[in-house]
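# all I have is the shape, not the residue letters:
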């Protein structure tokens, strides 16, 4: 299994541009998450999904949108990029908690985004 | 909502000594507390976790303790080695419901040879 994969690894955007960060998992996980990690800071939840067709906001959703049309994919869309969105973005996935005693979140390798 | 505070933000210890990182949480309903390790430029990875019905859990050189009354939990690393150098994050979450982890700010641990 490849686990959780993300593309691209790096990206530089100009203010006002848009882009989509891709996330795919091959572990048949129901739950998927998007976090951002600012320098020297912890992880902040942007959006999450509990299954195909179901998404909800996390702590810092403004400026982002998500969709979940399949179990495997959970893309994150940035509209009108701003310098405040410069960060490292991590996608993660996990099993439905009721099925397992522990619910580890498996993270992707991250996307480093700079908005100039 | 849940809030997690983590201390210290940086920690430097001599190789072979012990390291302790502490976290406090605000929501008494939280019942799952994982610790993640993030090496430089890498993704966070789970190293140990504990549920609220357990007071302590050990896995070789690492252990986590939980005090539900005081709403704090700690990571203990004994006999530290250079490969323990990393940023460590604590987190808290309700097992039921939305499955949202709230992370602490992270502790940068440096092991000095």
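All right, it came through fine. Note that the structure is a prediction, hence the values are computed from the model and not measured.

# so where's chain B uncertain?
Within chain B, the segments meeting pLDDT under 70 span B:94-99.

# switch to 90 and redo it
Within chain B, the ranges that satisfy pLDDT under 90 run B:1-3, B:27-32, B:41, B:51-54, B:93-102.

# any chance you could map the strands in it?
With strands called from DSSP state E, chain B shows them at B:4-7, B:10-14, B:19-25, B:32-38, B:45-51, B:56-59, B:62-67, B:72-77, B:86-92, B:102-103, B:107-112.

# what sits against the residue nearest the centre of chain A?
Centroid check for chain A by CA atoms, centre = their mean gives residue A:34 as the closest residue, at 2.6 Å. Applying CB atoms under 8 Å, 6 or more residues apart in numbering or on different chains, we find residue A:34 in contact with A:21, A:23, A:45-48, A:58, A:64, A:66, A:74, A:76, A:89-92. Every C-beta, even on glycine, is put in place using the N, C-alpha and C of the backbone.

# can you rerun that using 6 Å?
Counting by CB atoms under 6 Å, 6 or more residues apart in numbering or on different chains, residue A:34 makes contact with A:46, A:47, A:76, A:91.

# ditto for residue B:102
So residue B:102 contacts B:2, B:4, B:92 (CB under 6 Å, 6+ apart).

# buried ones in the helix or strand hosting residue A:56?
Assigned by DSSP states H and E, residue A:56 falls within strand A:54-57. By neighbour count with 16 or more other CB atoms under 10 Å in any protein chain shown, strand A:54-57 contains the buried residues residue A:55.

# C-terminal to it, what's the next element?
Following strand A:54-57 in sequence, per DSSP H and E, is strand A:64-66.

# who are the packing partners of that next one?
strand A:76-78 (3 or more CB pairs under 6 Å, 6 or more residues apart in numbering or on different chains; DSSP states H and E).

# give the partner strands of the strand it packs on in its sheet and their orientations.
Looking at strand A:76-78 with DSSP bridges, its partner strands are strand A:19-25 (antiparallel), strand A:64-66 (antiparallel).

# still on that earlier bit, can I get the contacts of residue B:102 in a markdown table with distance to chain A and neighbour count?
Shown next, in a markdown table, are the contacts of residue B:102 (distance: CB to the nearest CB, whole Å; neighbours: other CB atoms under 10 Å in any protein chain shown):
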| residue | distance to chain A | neighbour count |
| --- | --- | --- |
| B:2 | 10 | 16 |
| B:4 | 8 | 23 |
| B:92 | 12 | 26 |
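
# so which residues on chain A come close to chain B?
A:31, A:42, A:43, A:45, A:97, A:104, A:107, A:109, A:110 (CB under 6 Å from any CB of the partner chain).

# surely the fourth one is in contact with residue A:60?
No. Here residue A:45 lies out of contact with residue A:60, judged by CB atoms under 6 Å, at a distance of 7.2 Å.

# ok, so of the residues of chain A next to chain B, who is nearest residue B:64?
Closest approach to residue B:64 among these (CB to CB): residue A:104, at 14.4 Å.

# can I take it that that closest one is in a helix?
No. The assignment for residue A:104 (DSSP: H, G, I helix; E, B strand; the rest coil) gives coil, which keeps it out of a helix.

# what are the phi and psi values for it?
Main-chain dihedrals, residue A:104, degrees, to the nearest 10: phi -60, psi 140.

# pretty sure it sits against residue B:46.
Yes. Residue A:104 is within contact range of residue B:46, at 4.6 Å (criterion: CB under 6 Å).

# the strands in chain A, which residues?
Taking DSSP E as the test, the strands found in chain A are A:4-7, A:10-13, A:19-25, A:31-37, A:43-51, A:54-57, A:64-66, A:76-78, A:87-94, A:106-107, A:111-115.
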